[in-house]
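**Q** turn this into a structure:
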Amino acid sequence: MSHVLCLGAVPDWLIAEVRAAGLTVLIDDPQGHEAQVTGILRRSGGVSAALMDRFPALEVISSLGVGYDMIDTEAARARGIAVGHTPDVLNEEVADLTMALLLATLRQIPQGNRYLLDGKWPGGQFPLTPSLQGRTIGMIGMGRIGSCIARRLAGFDVPVVYHSRSPRADSPLRHYPDLMEMARDVDTLIAIVPGGPETRHLIDRALLQALGPQGVVINVARGSVLDEEALIGALTKGEILAAGLDVFENEPSPDPRLFNLPNSLVTPHLGSGTVPTRHAMWELVRDNLLRWYQGEVMPAVVPGSVRRRLS
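**A** From the prediction side, this is the model:
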């Protein structure tokens with residue numbers, strides 16, 4: 001009988017459905033059944049080549065989330081292991097969170113809430129804040145989620161430009177082939193690119209300095225995209241105005257210095273974290289996994305992955 005190893009907390013209803021499909025479910029620990037593990041259902045933690053090698057019969061990895069930088073996809077491809085993920089179903093939700101984070105960072109909504117709760121209002125009005133109006137937004141990335149964010153920004157009547165490896169034929173927005181040039185021309189950066197070696201510390205000290213003292217950085221991509229040491233320095237020295245971060249280099253224990261900066265707004269990776277969207281994501285995790293075992297085409301796999309079990 002095939003065994004499926006769950007990495008991280010998985011909903012009880014999903015575990016029940018996997019078992020109902022005739023599969024044995026193991027929670028976090030293979031419990032001596034390494035040779036029988038043919039599937040991994042992943043919520044958290046990395047899936048390295050070394051981990052794959054522990055399971056000689058491994059066929060499929062079904063992962064929660066659109067990002068797959070925590071999975072060694074090259075190793076999976078070399079071993080013929082299918083890798084599923086959950087794109088598209090979270091696009092709108094992450095875009096909503098991005099707008100909330102952008103507005104809260106600029107208008108200092110958490111700080112205003114604390115000002116009121118601390119009883120400071122009778123002593124004077126809360127200080128005036130920066131505004132979204134009059135800003136130019138530079139998107140780092142214009143994929144599925146980036147396009148949803150840009151569509152929302154259009155409703156705020158602010159100019160939007162973007163940087164990506166190649167221009168989108170379906171986008172009327174100005175494309176910057178050079179990220180540094182874009183940073184010099186805008187005052188607000190929103191990062192929504194995949195993680196991994198190619199984008200590690202894409203936002204570094206030089207880019208922050210190019211953005212300038214009125215600059216705002218919003219990161220809803222991966223923590224690795226932003227050099228946090230450089231960011232902390234820039235925020236402390238006033239080299240940029242503010243930052244809103246939903247992702248961090250070290251999750252779930254970010255650098256505590258980010259918590260105490262008055263111009264830093266941090267949230268605990270809330271991007272897709274609503275009840276309906278997370279349920280839809282788990283349904284896609286289930287469909288990827290079970291359709292593999294049923295010999296059907298997996299609905300959502302990472303680029304280059306096999307999609308169907310052939311035997």
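**Q** and the contacts of the strand or helix carrying Gln209?
**A** Per DSSP states H and E, Gln209 falls inside helix 205-211. Residues from elsewhere that reach helix 205-211, judged by Cβ atoms under 8 Å, 6 or more residues apart in numbering: 179-180, 183-184, 186-187, 189, 215, 217, 227, 230-231, 233-234, 239-240. For the C-beta atoms, the positions are set from N, CA and C on the backbone; glycine is no exception.
**Q** recalculate using a threshold of 6 Å.
**A** Contacts to helix 205-211, defined as Cβ atoms under 6 Å, 6 or more residues apart in numbering, come from residues Met180, Ala183, Arg184, Ala230, Ala234, Ile240.
**Q** any idea how far Ile232 is from the second one?
**A** To tie it back to what came earlier, the one meant is Ala183. 18 Å (Cβ to Cβ, to the nearest Å).
**Q** repeat for the last one
**A** Taking Cβ to Cβ as the criterion, Ile240 is separated from Ile232 by 11 Å.
**Q** between those two, who's got more neighbours?
**A** Ile240 (22 against 16; other Cβ atoms under 10 Å).
**Q** so what's Arg257 closest to, chain neighbours aside?
**A** Closest residue to Arg257 apart from its sequence neighbours, by Cβ to Cβ, 6 or more residues apart in numbering: Ile232 at 5.3 Å.
**Q** could I get the full set of helices for the chain?
**A** 12-20, 49-53, 73-79, 91-107, 109-117, 144-154, 179-185, 205-211, 228-237, 275-293 (DSSP state H).
**Q** most centrally placed residue in this structure?
**A** Nearest residue to the geometric centre of the chain (Cα atoms, centre = their mean): Ala221, 4.3 Å.
**Q** residues touching that one, list them.
**A** Ala191, Ile192, Val193.
**Q** and Ala206, how many neighbours?
**A** 12.
**Q** so who does the closest residue to His33 other than its chain neighbours touch?
**A** Spatial nearest neighbour of His33, chain neighbours left out: His3 (5.2 Å); criterion: Cβ to Cβ, 6+ apart. By Cβ under 6 Å, 6+ apart, the contact set of His3 is Thr24, Leu26, His33, Gln36, Val37.
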